[in-house]
Structures are given as structure tokens and as C-alpha cells.
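Asker: build the 3D model from these lines:
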Amino acid sequence: MSADNYTPPKVWTNKVNGGVFASINRPVAGATHDSDLPIGRHPLQLYSQGTWNGIKVTILLEELLAAGETGAEYDAWLIDIMKGDQFGSGFVEINPNSKIPALVDRSVEKPVYLFESGAILLYLAEKFRRFLPDDTYGRSEVLNWLFWQMGSAPYLGGGFAHFYRYAPVKIEYAIDRYTMEVKRQLDVLNRRLADRPFIAGNDYTIADVAIFPWYGALVLGWANDVREFLSTHEYPNVERWAAAIAERPAVQRGRLVNRKQNDWPGSLQERHDASDFDR
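Answerer: Residues are numbered from 1 along each chain as shown. As a prediction, this is how the structure comes out:
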């Protein structure tokens with residue numbers, strides 16, 4: 001496979017590319033096998049993996065529990081995306097897009113199926129009336145940044161991280177293109193955080209919960225450390241904000257859920273009770 005002198009054909013056809021995710025990427029949707037999802041004892045059932053999108057939800061659930069919202073107790077079940085669990089019939093019924101995370105709320109008469117991490121964060125914030133302002137201005141600020149993250153992260157994950165770390169061929173143009181965009185996004189955040197402690201103002205909200213796992217983890221070097229390559233020291237306000245959020249106990253718990261035990265010390269493949277963290 002060469003990155004030079006490639007001319008796209010008139011009609012694209014799928015072919016094995018040898019990349020890290022070649023075994024699970026495909027150009028069609030739908031289930032590949034029958035597989036029922038487990039159901040635990042709590043009203044909220046989370047089916048996920050501890051990726052940056054996945055831990056957004058577990059962080060918020062742990063924050064809600066820390067705030068005294070007992071109704072936010074949840075069962076978290078591991079969906080191993082490298083094994084193709086997301087293509088099981090039970091998961092596809094909840095999320096036709098076959099991406100984690102997915103959440104089912106069984107506290108209501110007809111269970112609510114939720115997918116897309118931003119939609120889940122918004123649903124939980126509205127359900128418990130936490131981490132989302134009631135006033136029009138404050139709510140608008142949070143939603144602006146929540147949707148900013150949802151629209152921006154693909155450039156960081158599927159763009160920069162893919163071509164820099166995972167692509168079978170290193171393409172200078174692609175790496176340069178996405179590196180430039182990631183640094184621009186970091187500059188957006190750095191300017192935003194210059195005169196406020198949190199993304200939307202003085203209060204910690206779901207905007208912070210959404211943005212932290214992607215951009216906070218990036219400047220903290222939590223995985224696939226690229227701080228030197230990206231010169232993340234150029235964004236001191238983002239570093240300060242990320243360090244403060246990383247100290248929150250709920251964040252420390254949430255980042256451990258639905259991760260294989262060799263990922264981080266204390267990782268939990270499943271979570272069914274607060275005492276699971278003690279074990």
C-alpha cells in the first residue's frame with residue numbers, strides 16, 4: 001500500500017487494509033450475530049467500554065452519585081469493541097449505529113434507549129437536574145460546548161490519532177492536516193479557559209465532562225502520550241483545567257469503569273455497586 005500517486009477508482013470497493021481496526025470496520029450496518037444483553041438490578045443499564053467517549057458517561061454517573069442522586073446507581077457492562085460485541089443483536093437494538101456507549105433507562109414504564117455520548121449526558125443532566133444550568137444563557141453556553149466537543153472530537157480521534165498512531169501507512173499530508181486542526185482546537189479551549197475555571201463559566205457542567213476525556217486526557221498524557229509532538233505546554237489554561245478535573249474523585253472512579261484489568265490499576269470490567277471500586 002502506497003501513499004504516493006493514488007488515484008481513486010470510479011467506484012469504491014472494500015478491501016482489507018491491514019490497519020488496527022480492520023477486523024471490525026465494515027461499510028454496512030446491522031447485527032452480525034445474535035447476542036442478548038445482560039440486565040442488572042439498577043434502573044440504569046450502561047453498555048460501554050472505557051474509551052474517551054465511554055468514560056464521559058461513567059464520570060457523569062459517578063458525579064451524580066457523589067452529589068447524592070441515588071437514582072443514578074447503574075450497572076455497567078463491558079462491550080468489547082475489538083471483539084465485535086457492538087454488532088450483537090441486543091446492542092444493535094439499542095444503538096443501530098453500533099458504537100459505544102449505549103444506555104437503557106428502565107426507571108420509566110417504557111424503557112428509554114439512548115446512544116451517542118452527548119445525548120446520554122444531556123438526558124442524565126436533565127433527568128437529575130444536575131450539571132446543566134436552568135437559565136437560558138447558562139444552558140445555551142453548556143450546549144454550545146457540548147456540541148462543539150461532539151463535532152470536534154472526530155478530528156482528534158478518527159483524524160489525528162488514526163493517522164499518527166494507527167494507520168498502516170504514515171501519510172505526511174494527513175498527519176499535518178489533522179495536527180494543525182487539533183492544535184487549533186486546543187487553542188480554542190486555551191483562550192476559552194483564560195478567564196474562567198470551567199468551560200461554561202464558574203460551574204462544572206456536562207460540557208467539562210464531555211471535553212475532559214478527549215482534550216484533558218490529551219494534555220495529561222493519559223494514553224498514547226503525544227504531548228511533546230503537539231507541544232501541549234503551549235496551552236497552560238487547558239493543562240490547569242485538566243489537572244483540576246482529574247483530581248475529582250468521581251472522575252477518578254469513572255475512568256476505571258468498563259476497562260480491562262491490565263489497562264489501569266483498579267480497572268473494572270463491570271461495575272454494579274460502589275463497593276466494586278474497593279475490591
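Asker: this protein - how does it break down into domains?
Answerer: 11-131, 136-247 (the TED database).
Asker: against which helices or strands is the lengthiest helix in the chain packed?
Answerer: Criterion DSSP state H: the longest helix present in the chain is helix 172-192. Applying 3 or more CB pairs under 8 Å, 6 or more residues apart in numbering; DSSP states H and E, we find helix 172-192 packed against helix 227-230, helix 236-246. For the C-beta atoms, the positions are set from N, CA and C on the backbone; glycine is no exception.
Asker: could you export these as a markdown table, including distance to Leu143, mean pLDDT and mean neighbour count?
Answerer: Output for those, formatted as a markdown table (distance: least, CB to CB, whole Å; pLDDT from 0 to 100; neighbours: other CB atoms under 10 Å):
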| stretch | distance to Leu143 | mean pLDDT | mean neighbour count |
| --- | --- | --- | --- |
| helix 227-230 | 28 | 98 | 13 |
| helix 236-246 | 19 | 98 | 18 |
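Asker: nearest to Ala161, of the ones you listed?
Answerer: Nearest to Ala161, of all the helices and strands packed on helix 172-192, is helix 227-230, at 11.2 Å by CB to CB.
Asker: list the contacts of the closest one.
Answerer: Helix 227-230 has contacts (CB atoms under 8 Å, 6 or more residues apart in numbering) with Tyr164, Thr179, Val182, Lys183, Leu186, Leu218, Val219, Gly221, His233.
Asker: for Leu61, state which of those residues is nearest.
Answerer: Checking those against Leu61 with CB to CB, the nearest one is Leu218 at 22.7 Å.
Asker: could you dump the host helix or strand of that closest one to PDB, C-alpha only?
Answerer: Of the helices and strands defined by DSSP states H and E, Leu218 is found in helix 217-220. C-alpha atoms of helix 217-220 as PDB (Å, rounded to 0.1, in the frame of the first residue of the first chain):
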ATOM      1  CA  ALA A 217      -6.500  13.300  28.800                       C
ATOM      2  CA  LEU A 218      -4.500  14.600  25.800                       C
ATOM      3  CA  VAL A 219      -2.700  17.300  27.700                       C
ATOM      4  CA  LEU A 220      -2.200  15.000  30.800                       C
END
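Asker: helices or strands up against it?
Answerer: Using 3+ CB pairs under 8 Å, 6+ apart, the elements in contact with helix 217-220 are helix 227-230, helix 236-246.
Asker: will you turn these into CSV that also has distance to Trp12?
Answerer: Shown next, in CSV, are the helices and strands packed on helix 217-220 (distance: least, CB to CB, whole Å):
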stretch, distance to Trp12
helix 227-230, 31
helix 236-246, 38
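Asker: on that earlier part again, so which of the helices and strands packed on helix 172-192 gets nearest Glu62?
Answerer: Nearest to Glu62, of all the helices and strands packed on helix 172-192, is helix 236-246, at 12.6 Å by CB to CB.
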